[in-house]
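>>> generate coordinates for the sequence data below:
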Amino acid sequence: MNWMDLLRMSTSNLKRRKLRTFLTVLGVVIGTASIVVMISLGLGMQQSLYREVEQSGGLTTIKVSGAQAGNSMMYSSSGKEEEQSTKYINDQLLARLSKLEHVALASPVYELPVVLLKGGYEGYGQLLATTPEAMEARNINLAEGSLPKPNSGHLDLVYGNGVLTMFNEKGSGKGYYETGRLPDIDLAKDSVFLILDQEGYYNQSSQNGDEASGNSDSGDGKQAQPKAIAKHVAKASGIVAGGPDEYNANYYNIFCDLDTLKQILKKEFNARVIPGQPTTKSGKPYKEFCYSYAQLKVDDIDNVDSVASIVREMGYNVETNAEYLDSMKGQFAIVQAVLGGIGAVSLLVAAIGIANTMMMSIYERTKEIGVIKVLGCSLKNIKQMFLVEAAFIGLIGGIIGNILSFLISFVINFLTGNGAAMGIDGNISYIPWWLVILSMGFAMLVGVAAGYFPALRAMRLSPLAAIRSE
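Now for the predicted structure:
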């Protein structure tokens with residue numbers, strides 16, 4: 001009996017009992033779809049992580065942090081809380097870092113919480129100031145405009161595509177996430193008032209509130225006058241690509257040129273402590289301008305660990321995208337194993353259904369098996385016939401299960417706004433082609449494994465006893 005005969009007999013036997021075959025295949029469909037969809041959720045999060053790392057400078061980027069004013073502990077990407085360095089990130093350190101072997105670029109980064117005002121709206125954001133070279137290394141995908149020009153004398157900003165969602169109505173305090181409506185602001189064209197002294201703005205708002213309620217007495221019978229807060233006119237030089245529901249690594253960031261910001265800060269906070277800057281023991285401004293952290297670009301990924309070790313020996317805290325990626329990949333592997341295990345339970349139930357179907361088929365075809373043996377069919381062919389039937393059930397279930405998986409994945413991504421509702425950059429469910437092929441092969445393997453023992457039973461049937469059976 002050749003393979004064509006085996007295929008013909010196997011398919012005809014499956015067609016003979018259509019309802020039973022359908023129910024058995026349905027179990028495999030549900031099992032396959034469960035595994036694929038569960039694993040696709042973990043893969044979707046993993047793909048989002050890869051994009052985030054790429055938007056943060058890639059695997060050759062190192063983040064160097066030191067002491068921060070008012071903080072003594074820090075949280076590292078390795079998940080461990082560690083003592084923070086007592087050394088600051090300043091221009092002297094950047095000069096040393098840039099001279100290290102394999103360091104292609106050493107750039108300062110200064111982060112500052114700011115307030116944005118436009119018409120009846122009030123917004124909050126994180127201003128991220130760095131050099132033009134560092135901004136180019138971040139691979140910022142702009143929908144329109146360009147990166148800020150250095151030393152322009154005025155603040156040109158690159159807005160993240162989610163900054164508009166951070167504006168609230170001044171009266172009600174409601175924003176995009178409460179109303180579902182974006183404010184009537186075109187960041188690409190409209191200029192906004194930028195407040196760099198966020199603490200001073202809060203204090204002024206509080207004093208204005210006390211004055212309105214009649215509680216502004218300073219203690220000597222005179223009313224305290226709130227200090228005027230500088231409002232800087234800022235325009236957009238570029239907008240990060242994506243809509244308000246398309247999350248990415250630069251979603252909330254507001255970028256600007258570092259040298260321009262430093263000039264404005266020193267002028268506004270003359271003889272006063274600049275926000276985010278350390279102070280002396282007497283509370284006076286620190287003599288040197290200090291940055292939030294430094295970002296290093298290494299020439300090759302193989303040299304990242306060696307450069308990171310040198311910087312750690314210098315007494316600074318180091319985080320690398322490679323270390324962050326490795327730690328997250330370990331967590332994702334656990335998540336995928338758990339999700340895949342949940343889906344595998346459904347396929348295990350389907351395997352029991354296949355075994356039951358094949359066993360019932362043997363009981364119903366006992367006489368047929370006896371006749372085939374008497375006619376000279378080998379035991380190997382009989383075994384192959386039942387294994388092919390079981391493999392067919394697994395293959396058909398695997399194909400339909402993958403089609404169902406793509407439909408479920410589409411629905412999940414649609415309902416979550418392509419990951420935006422979960423704070424993920426990209427689809428929350430991602431099904432690569434290797435997963436499709438692997439799942440179909442696994443479904444066939446489960447079918448063959450489930451049909452193996454029924455096939456052995458068919459081989460061991462006595463021909464004479466099989467012919468006499470009713």
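>>> only C-alpha atoms for contact and neighbour calcs from this point on.
Noted.
>>> so which residues of the stretch 301-450 of the chain form strands?
317-320 (DSSP state E, counting those that start in this stretch).
>>> which parts of it are helices?
304-313, 321-364, 366-374, 379-415, 433-460 (DSSP state H, counting those that start in this stretch).
>>> find the centremost residue of the chain, please.
Nearest to the mean C-alpha position of the chain, by C-alpha atoms, centre = their mean, lies residue 48 at 3.3 Å.
>>> can you give me the buried ones in the helix or strand harbouring that residue?
Secondary structure from DSSP states H and E places residue 48 in helix 18-55. By neighbour count on 16 or more other C-alpha atoms under 10 Å, the buried set for helix 18-55 is 21, 24-50, 52-55.
>>> over to stretch 106-119?
106-118.
>>> these two touch, right, residue 20 and residue 356?
No - using C-alpha atoms under 8 Å, residue 20 is not in contact with residue 356; the gap is 10.3 Å.
>>> now do the helix holding residue 48 against helix 321-364, angle only.
Going by axes from the mean of the first three to the mean of the last three C-alpha atoms, to 10 degrees, helix 18-55 is angled at 170 degrees with respect to helix 321-364.
>>> quick one on the thing from earlier: if we compare the helices of the stretch 301-450 of the chain, which one ends up closest to residue 171?
If you check each of the helices of the stretch 301-450 of the chain against residue 171 by C-alpha to C-alpha, helix 379-415 wins as the nearest, at 32.0 Å.
>>> what helices and strands are in contact with that closest one?
Judged by 3 or more C-alpha pairs under 8 Å, 6 or more residues apart in numbering; DSSP states H and E, the packing partners of helix 379-415 are helix 3-16, helix 18-55, helix 321-364, helix 433-460.
>>> for the third one, packing partners?
Taking 3+ C-alpha pairs under 8 Å, 6+ apart as contact, the helices and strands that helix 321-364 lies on are helix 18-55, helix 379-415, helix 433-460.
>>> walk me through the domains of this structure.
3-52+328-468, 108-292 (automatic domain parsing).
>>> re the thing from before, now render the helices and strands packed on helix 379-415 as a markdown table, adding distance to residue 97.
Shown next, in a markdown table, are the helices and strands packed on helix 379-415 (distance: least, C-alpha to C-alpha, whole Å):
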| stretch | distance to residue 97 |
| --- | --- |
| helix 3-16 | 69 |
| helix 18-55 | 22 |
| helix 321-364 | 18 |
| helix 433-460 | 43 |
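>>> format those helices as JSON lines; extra columns: distance to residue 388 and mean pLDDT.
Listed next are the helices and strands packed on helix 379-415 as JSON lines, based on distance: least, C-alpha to C-alpha, whole Å; pLDDT from 0 to 100:
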{"stretch": "helix 3-16", "distance to residue 388": "7", "mean pLDDT": "69"}
{"stretch": "helix 18-55", "distance to residue 388": "14", "mean pLDDT": "81"}
{"stretch": "helix 321-364", "distance to residue 388": "11", "mean pLDDT": "76"}
{"stretch": "helix 433-460", "distance to residue 388": "8", "mean pLDDT": "83"}
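>>> double-check that residue 238 belongs to a strand.
Yes - under DSSP: H, G, I helix; E, B strand; the rest coil, residue 238 sits within a strand.
>>> wait, isn't it in contact with residue 188?
Yes - counting by C-alpha under 8 Å, residue 238 touches residue 188, with 6.9 Å between them.
>>> quick check on those two: which one has the bigger neighbour count.
For residue 238 versus residue 188, the count of surrounding residues by other C-alpha atoms under 10 Å is larger for residue 238: 23 against 16.
>>> leaving out sequence neighbours, find the closest residue to the more buried one.
residue 145 (4.0 Å; C-alpha to C-alpha, 6 or more residues apart in numbering).
>>> for residue 157, see how far away that neighbour is.
In this view, residue 145 and residue 157 are 10 Å apart by C-alpha to C-alpha, to the nearest Å.
>>> settle it for me: which of the two has more neighbours?
Using other C-alpha under 10 Å as the criterion, residue 145 and residue 157 rank with residue 157 on top: 26 against 13.
>>> could the helices of the stretch 301-450 of the chain be laid out in TSV, adding distance to residue 294 and mean neighbour count?
TSV is the format used below for the helices of the stretch 301-450 of the chain (distance: least, C-alpha to C-alpha, whole Å; neighbours: other C-alpha atoms under 10 Å):
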stretch	distance to residue 294	mean neighbour count
helix 304-313	11	16
helix 321-364	14	18
helix 366-374	77	18
helix 379-415	37	21
helix 433-460	40	20
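>>> nearest to residue 132, of those helices?
Of all the helices of the stretch 301-450 of the chain, helix 321-364 comes closest under C-alpha to C-alpha, at 20.9 Å.
>>> look up how far residue 362 lies from residue 13.
11 Å.
>>> with residue 387 instead?
12 Å.
>>> what angle do the strand ranked longest in the chain and helix 304-313 make?
Of all the segments assigned as strand in the chain under DSSP state E, the longest by residue count is strand 103-118. Counting by the same axes, to 10 degrees, strand 103-118 lies at 70 degrees to helix 304-313.
>>> give me the pLDDT value at residue 409.
For residue 409, the model assigns a pLDDT of 90.
>>> give me phi/psi at the residue lying closest to it once chain neighbours are set aside?
With C-alpha to C-alpha, 6+ apart as the criterion, residue 409 has its nearest non-adjacent residue at 5.6 Å, and that residue is residue 429. Dihedral pair for residue 429: phi -120, psi 120, per degrees, to the nearest 10.
>>> was I right about residue 429 contacting residue 48?
No - taking C-alpha under 8 Å as the definition, residue 429 is not a contact partner of residue 48, at 10.3 Å.
>>> lowest-scoring secondary structure element of the protein by mean pLDDT?
Lowest by mean pLDDT, DSSP states H and E among the helices and strands of the chain is strand 73-75, with a mean of 35.
>>> got the contact list for residue 318?
62-65, 308, 311-312 (C-alpha atoms under 8 Å, 6 or more residues apart in numbering).
>>> kindly state the beta-bridge partners for it.
residue 64 (DSSP bridges).
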